[in-house]
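A.B. asks: Return a 3D structure for these sequence lines:
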Amino acid sequence: MKKTIIVTGVTGGIGSQIARKFILMGDIVIGVYNNSESVAMQLKKEFGANLHLYKCDLSDFDCGEKLLLYIEEKGLQPDLLINNAGISIIGLLQDLTKDFWNNIWNTNVTSAISLSKALIPLFLRNGHGKIINISSVWGERGASCEVAYSATKGAINSFTKALAKELAPSNIQVNALSCGIIDTKMNSHLSSEDISSIIEEIPAERMGTPQDVADAVLSLTDFNSYMTGQIITIDGGWMV
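C.D. replies: Residues are numbered from 1 along each chain as shown. This is a model prediction of the structure:
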């Protein structure tokens, strides 16, 4: 049966690949984005009516309610929310500014809470729904010079577990994918030497790809209702 999926950060490397995966399966995607207008238009040109684009600043808590209004106007019935939008800040904690902190917290955490809050009533009305949060191994292990980012992903992991308990009686599943190093723009600051050094530590002997994450997201949607509250690591064995 054709599903309707909301994907945030749809113009990013992982988000666009997730959207592509579902659309090619015959589903409808509502892609939420804030930047990269050219990528958004390229996706729209590629997928046409199977992709609905909604531009919104995800760091704004009101984005969830605005998206809900858009969904209702279009007469769409979402089955799945994928909270993928995220940014990273590299640097020492002592150099972190208030503006950078507010931006990374609101983009990585507030967005997931705001959109989940807005969509839950629809899921409750339909009697089912799934929420998948894209997290990071640094949310469990922490990363030097990425303290703020690690803190936001740790929050996403706790949010996932807590909301799963809250929604399990209503047949709504909440899980997260904890990603290792993925070959996206977020990691473009790494030098070839840095990447080679990291790959030496990964048993799979390579970086992950957006396709790897998209495949994992698709697999998660096929699990039954008893699979909830889990933080599933996809890192090629890196952090085992």
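A.B. asks: For the closest residue to residue 136 other than its chain neighbours, which residues are in contact?
C.D. replies: With Cβ to Cβ, 6 or more residues apart in numbering as the criterion, residue 136 has its nearest non-adjacent residue at 4.3 Å, and that residue is residue 153. Placement of C-beta: from N, CA and C, glycine included. The contact partners of residue 153, taken as Cβ atoms under 8 Å, 6 or more residues apart in numbering, are 108, 135-136, 138-139, 178.
A.B. asks: Go through the residues you listed and say which is closest to residue 239.
C.D. replies: Closest approach between those and residue 239, by Cβ to Cβ: residue 178, at 8.4 Å.
A.B. asks: quick one: secondary structure of the closest one?
C.D. replies: strand (DSSP: H, G, I helix; E, B strand; the rest coil).
A.B. asks: Mind pulling up the pLDDT for it?
C.D. replies: With respect to pLDDT, residue 178 scores 97.
A.B. asks: rewinding a little: pull the most distant pair out of the contacts of residue 153.
C.D. replies: Top of the distance list for the contacts of residue 153 (Cβ to Cβ): 108 and 178, 13.7 Å.
A.B. asks: Which one's more surrounded, those two?
C.D. replies: Neighbour totals were compared for residue 108 and residue 178, and residue 108 leads with 28 against 24 (other Cβ atoms under 10 Å).
A.B. asks: Hmm, the more buried one is touching residue 84, no?
C.D. replies: No - using Cβ atoms under 8 Å, residue 108 makes no contact with residue 84, being 10.5 Å away.
A.B. asks: Skipping adjacent residues, who's closest to residue 203 in space?
C.D. replies: Distances taken as Cβ to Cβ, 6+ apart place residue 237 nearest to residue 203, at 3.6 Å, with adjacent residues excluded.
A.B. asks: Next, the contact list for the one you found, please.
C.D. replies: 202-204.
A.B. asks: Which one of those residues sits in the busiest neighbourhood?
C.D. replies: residue 202 (17 neighbours).
A.B. asks: Toward the C-terminus from the helix or strand of the chain with the lowest mean pLDDT, list the very next helix or strand.
C.D. replies: Taking mean pLDDT, DSSP states H and E as the measure, the chain has helix 192-201 as its least confident helix or strand, at a mean of 89. Sequence order places helix 210-221 as the next helix or strand after helix 192-201, per DSSP states H and E.
A.B. asks: So which elements touch that following helix?
C.D. replies: Applying 3 or more Cβ pairs under 8 Å, 6 or more residues apart in numbering; DSSP states H and E, we find helix 210-221 packed against helix 13-24, strand 129-136, strand 172-179, strand 231-234.
A.B. asks: The longest one to helix 210-221, inter-axis angle?
C.D. replies: Spelled out, that is helix 13-24. 60 degrees (axes from the mean of the first three to the mean of the last three Cα atoms, to 10 degrees).
A.B. asks: Could you number the chain from 13 rather than 1 from now on?
C.D. replies: I'll keep to 13 as the first residue from here, and by that count the last item is helix 25-36.
A.B. asks: Next, the contact list for the residue most central in space within the chain, please.
C.D. replies: Centroid-nearest residue in the chain, with Cα atoms, centre = their mean: residue 96, separated by 1.5 Å. By Cβ under 8 Å, 6+ apart, the contact set of residue 96 is 19-22, 24, 26-27, 30, 146.
A.B. asks: where's the closest residue to residue 120 other than its chain neighbours, which helix or strand?
C.D. replies: Nearest in space to residue 120, with sequence neighbours left out and distances taken as Cβ to Cβ, 6+ apart, is residue 164 at 3.8 Å. When elements are assigned from DSSP H and E, residue 164 belongs to helix 159-179.
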